[in-house]
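> coords please:
(2 chains)
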Amino acid sequence: MLKIATWNVNSLKVRLPQVLQWLADNPVDVLAVQETKMTDDKFPQAEIEAAGFHVVFSGQKTYNGVAIIARHPIEDVVKNNPLFLDEQQRLLTATVAGIRIVCAYIPNGQSLESDKYQYKLKWLDALHDYLDSERKLHTNLALLGDYNIAPEDRDVYDPAAWIGENLVSPPERAAFVRLQHLELIDAFRLFDQAEKLYSWWDYRRMGFRLNRGMRIDHILLSPPLAARCTACVIDKVPRKWEQPSDHAPVIATLSA
DNA sequence: ATGGCGGCACAATGCCGA
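A predicted model of the protein is given here:
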């Protein structure tokens, strides 16, 4: 049995104790981390390794930054998308326990009028092409991360209020569908799930207490991994801790 | 209608996130 997870920690400097606590509490084999918000020289590699994990990372100052933490050796690491020149550190790929792990922090987009939105769509287009090449090299392929896309209205607390907005706009959702056309399957939707389950809640307006959230963190699996997947859950526990990230971890369980 | 929280920085207000 293997558990793979993703968590946007919103600053690893602030959240490192919570990440280590969560890893101690949860027997996950791989954790894809987004928004480390630190340069590589500041990365807490020694602390994570001292806790018994392997780790690789690709960061920058203030924004973005991704990492892969694993209980097993990490091999064949690739930083960024070879098909997309990008100064922002948002993509990290590595092989762990025979699975090609792609950790992605997909751009937020800000608003449909923003240049950042155009960047988001271009980034998604390049991600699609990169995954199309990766899936031909690796039958066991998993894309984990903060997608900044709520795929369907049931992934949004108030769909009527969000029609056409950033995170749900048709071009973004089409990009998500295009990833699925690469035979990448949304692990969460492999199973019957309760209604109103989300992975992010706004810090403001009591978003979490009122469960005003969005499901924007996802785990997509290639067919052999989807066939092994026995569960996919969102862990709301760390969102209830003091000084939490605004995102919750998502965990997929794979049978041996 | 606006911003409301939280993290960060050539910080003491402005930016970005989602």
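> looking at it, residue A:256 is touching residue A:3, isn't it?
No. Taking contacts as CB atoms under 8 Å, residue A:256 lies outside contact range of residue A:3: 11.8 Å. C-betas here are computed from N, CA, C, even on glycine.
> Which phi and psi values does the closest residue to residue A:171 other than its chain neighbours adopt?
Spatial nearest neighbour of residue A:171, excluding adjacent residues (CB to CB, 6 or more residues apart in numbering): residue A:121 at 5.8 Å. Main-chain dihedrals, residue A:121, degrees, to the nearest 10: phi -70, psi -40.
> quick one: which of residue A:256 and residue A:3 has more around it?
Legend: neighbour count by other CB atoms under 10 Å for residue A:256 and residue A:3, higher for residue A:3 (16 against 5).
> Now do the SS call for the more buried one.
Under DSSP: H, G, I helix; E, B strand; the rest coil, the three-state class of residue A:3 is strand.
> Contact residues of chain A facing DNA strand B?
Within chain A, the positions near DNA strand B by CB under 7 Å from any atom of the strand are A:8, A:10-11, A:13-14, A:35, A:37-38, A:61-63, A:107-108, A:110-111, A:116, A:146, A:148, A:166-167, A:200, A:202-205, A:214, A:216, A:243, A:246-247.
> One more pass at 6 Å, please.
Chain A comes close to DNA strand B at residues A:8, A:10-11, A:13-14, A:35, A:37, A:61-62, A:108, A:110, A:116, A:146, A:148, A:167, A:200, A:203-205, A:214, A:216, A:243, as judged by CB under 6 Å from any atom of the strand.
> Could you pick out which of these are located in strands?
Cross-referencing the residues of chain A next to DNA strand B against strands under DSSP state E gives A:8, A:146, A:200, A:214.
> Of the residues you listed, which is the nearest to residue A:103?
The nearest member of those to residue A:103, counting by CB to CB, is residue A:146 at 9.6 Å.
> confidence score at that closest one?
Reading off the confidence values, residue A:146 has pLDDT 98.
> what's the burial count for the residue nearest to residue A:171?
16.
> likewise residue A:89?
Neighbours of residue A:89 (other CB under 10 Å): 22.
> Please apply the same query to residue A:249.
Counted with other CB under 10 Å, residues neighbouring residue A:249 total 27.
> Surely it is in contact with residue A:22?
Yes. Counting by CB under 8 Å, residue A:22 is a contact partner of residue A:249 at 6.7 Å.
> Need the residues touching each of those two.
A:7, A:235, A:238 (CB atoms under 8 Å, 6 or more residues apart in numbering).
> Which residues are in contact with the last one?
For residue A:238, the contact set (CB under 8 Å, 6+ apart) comprises A:18, A:21, A:22, A:244, A:245, A:248, A:249.
> swap the cut-off to 6 Å and go again
Shown in contact with residue A:238 (CB atoms under 6 Å, 6 or more residues apart in numbering): A:18, A:22, A:244.
> so it sits in a helix?
Yes. Under three-state DSSP, residue A:238 sits within a helix.
> Report the separation between it and DNA strand B.
To DNA strand B, residue A:238 is 13 Å away according to CB to the nearest atom of the strand, to the nearest Å.
> Check the gap between whichever residue of the stretch 51-200 of chain A sits closest to DNA strand B and residue A:169 for me.
Nearest to DNA strand B in the stretch 51-200 of chain A, going by CB to the nearest atom of the strand, is residue A:108, at a distance of 3.5 Å. According to CB to CB, to the nearest Å, residue A:108 and residue A:169 sit 12 Å apart.
> Which one of the two is surrounded by more residues?
Neighbour count, other CB under 10 Å: between residue A:108 and residue A:169, residue A:169 has more, with 20 against 16.
> Not counting residues beside it along the chain, what's closest to the more buried one?
residue A:112 (5.9 Å).
> for residue A:184, same thing?
Per CB to CB, 6+ apart, closest to residue A:184 is residue A:220, 3.9 Å.
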